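**Q** Any chance you could fold what I've pasted below:
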Amino acid sequence: MTKLPNEEFRQMVCLMREKEFYEPEEIRPIDWPKYNLAQINDAKDTLNFIRTQVDETEALLLKGKAGKPLTNPKSLVKSILICEALGLTERNAQGWLEILGPFVGIDENLDDRTIGDAYDKVEVVHLLKQIFEKTKDSDGILSGDGTGLETSRKQNYESYKKAGNHMTSIVDSREVVQAFDIYEHECKAMHKLIENVYGNSLRLDAGFNDRKLVKKISDIGMTPYVFPKKINNINGSVAWKSMYIDLFMDVMTWLTEYHQRSHSESFHSSFKSRYGIITKRRITSILCQVTARIILHNRRKLSYFNG
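**A** Residues are numbered from 1 along each chain as shown. Next up is the predicted model:
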């Protein structure tokens, strides 16, 4: 049986963690004419998107309380997407919807309480999930990461995690979100998320350094690039062994692939910068808000890259 170079591998991992060891390549250049056009058309394209995508969904058939008609759930979804697109409170949104409602096909008069309550409705979540699935076109080059979800400007990352306010996500190299979770711990969530994505490779940092996860990624048909810990050795499953032998034999090529993981960090940074803190408190409402924001984020990314 051939002895694997575990000691040399661990020494190399220590060197890899030094900042001077590898200089990441420049990020994808921006096509400024295309970017400017996307910005000019953003308002119109967003409203058209909201109307057409929501109208194409299939609503759950739920009965309202006796004597009280149920508000059209599609109108509620449209109001939420407008709230998140414009960064509106429910009170602000009531006035805006008097102007924008007819453009997106909202026939009802929605007051601020109705809009606020919409975030906590299962039929709204159902429709938002349908729209998200239609906006996750993938280029196959995937990366994943976790981040805290701010509910206050005073919070730091550790306090998000203690409070249970976090998101784990997978994005492609265009930062189009392919899957996300706001319930489970990062590594546990990733085990589930990889079952719902299409890709040929997946990049994860050392926080996801889990032998079962690496094997699962490989079994699904993706090449794993999971950054090693200092204590790791090469011994393990075929997928684990292959991943780290490839790293040991050609470290720079492996790291060039791995560092495309920066798209995941870039997504989290731009997502929170654009949409700000999470303003909802109930878990269903948080899911609605996050899903709506991701849908809008994906629309912008696909609009830019697809022209």
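**Q** The closest residue to Asn41 other than its chain neighbours: which element?
**A** Using C-beta to C-beta, 6 or more residues apart in numbering and skipping residues adjacent in sequence, the residue nearest Asn41 is Ser303, 7.7 Å away. Backbone N, C-alpha and C define where each C-beta goes, glycine included. Element membership for Ser303 (DSSP states H and E) is helix 283-306.
**Q** Then Leu37?
**A** Leu37 belongs to helix 32-40 when assigned by DSSP H and E.
**Q** List the buried residues for the next helix or strand after that helix?
**A** The C-terminal neighbour of helix 32-40 among helices and strands, as given by DSSP H and E, is helix 42-55. Going by neighbour count (16 or more other C-beta atoms under 10 Å), the buried part of helix 42-55 is 46-47, 49-51, 53-54.
**Q** contacts for the helix holding Leu37?
**A** For helix 32-40, the surrounding residues in contact (C-beta atoms under 8 Å, 6 or more residues apart in numbering) are 45, 300, 303-304, 307.
**Q** Show the contacting residues for the residue nearest to Asn41.
**A** 38, 41-42, 45.
**Q** swap in Ile30?
**A** Per C-beta under 8 Å, 6+ apart, neighbours of Ile30: none.
**Q** mind checking how far it is from Glu175?
**A** Applying C-beta to C-beta, to the nearest Å, the value for Ile30 to Glu175 is 13 Å.
**Q** Could you grab the helix/strand/coil label for Arg10?
**A** At Arg10 the chain is in helix, as set by DSSP: H, G, I helix; E, B strand; the rest coil.
**Q** rewinding a little: ok, of the buried residues of helix 42-55, which one's closest to Asp219?
**A** Gln53 (33.6 Å; C-beta to C-beta).
**Q** can I assume the closest one is in contact with Ile131?
**A** Yes: contact status for Gln53 versus Ile131: in contact at 5.0 Å, counting by C-beta atoms under 8 Å.
**Q** Name the residues contacting each of the two.
**A** Common contacts of Gln53 and Ile131 (C-beta under 8 Å, 6+ apart): Ile295.
**Q** Grab the nearest non-local neighbour of Glu8.
**A** Phe248 (7.5 Å).
**Q** Distance of the closest residue to Thr223 other than its chain neighbours relative to Gln39?
**A** Using C-beta to C-beta, 6+ apart and skipping residues adjacent in sequence, the residue nearest Thr223 is Ser201, 4.2 Å away. Counting by C-beta to C-beta, the gap from Ser201 to Gln39 is 31 Å.
**Q** Glu7 now?
**A** 53 Å.
**Q** What of Arg51?
**A** According to C-beta to C-beta, Arg51 and Gln39 sit 20 Å apart.
**Q** next one: Arg203
**A** Distance of Arg203 to Gln39, computed by C-beta to C-beta: 29 Å.
**Q** got it, and Lys192?
**A** As judged by C-beta to C-beta, Lys192 and Gln39 stand 35 Å apart.
**Q** Show the contacting residues for Thr256.
**A** Contacts for Thr256 (C-beta under 8 Å, 6+ apart) come out as Glu25.
**Q** Let me know the average pLDDT across the helix or strand hosting it.
**A** Following DSSP H and E, one finds Thr256 within helix 251-258. Mean pLDDT, helix 251-258: 95.
**Q** Distance from the chain centre to it, please.
**A** For helix 251-258, the separation from the chain centroid amounts to 24 Å (computed by C-alpha atoms, centre = their mean, to the nearest Å).
**Q** helices or strands next to whichever helix or strand comes after it in the packing?
**A** Later in the chain than helix 251-258, the nearest helix or strand by DSSP H and E is helix 262-275. Helix 262-275 is packed against strand 141-148, strand 166-172, helix 283-306, with contacts defined by 3 or more C-beta pairs under 8 Å, 6 or more residues apart in numbering; DSSP states H and E.
**Q** List the buried residues in the last one.
**A** What it means is helix 283-306. Neighbour-count burial for helix 283-306 [16+ other C-beta under 10 Å]: 285-305.
**Q** Please compute how far that helix lies from its chain's middle.
**A** For helix 283-306, the distance to the chain centre is 8 Å (C-alpha atoms, centre = their mean).
**Q** what angle separates it from helix 42-55?
**A** Angle of helix 283-306 versus helix 42-55, following axes from the mean of the first three to the mean of the last three C-alpha atoms, to 10 degrees, is 120 degrees.
**Q** same question, the shortest one
**A** Angle between the axes of strand 166-172 and helix 42-55 is 100 degrees (criterion: the same axes, to 10 degrees).
**Q** And strand 166-172, what does it pack against?
**A** strand 141-148, strand 177-181, helix 186-193, helix 262-275.
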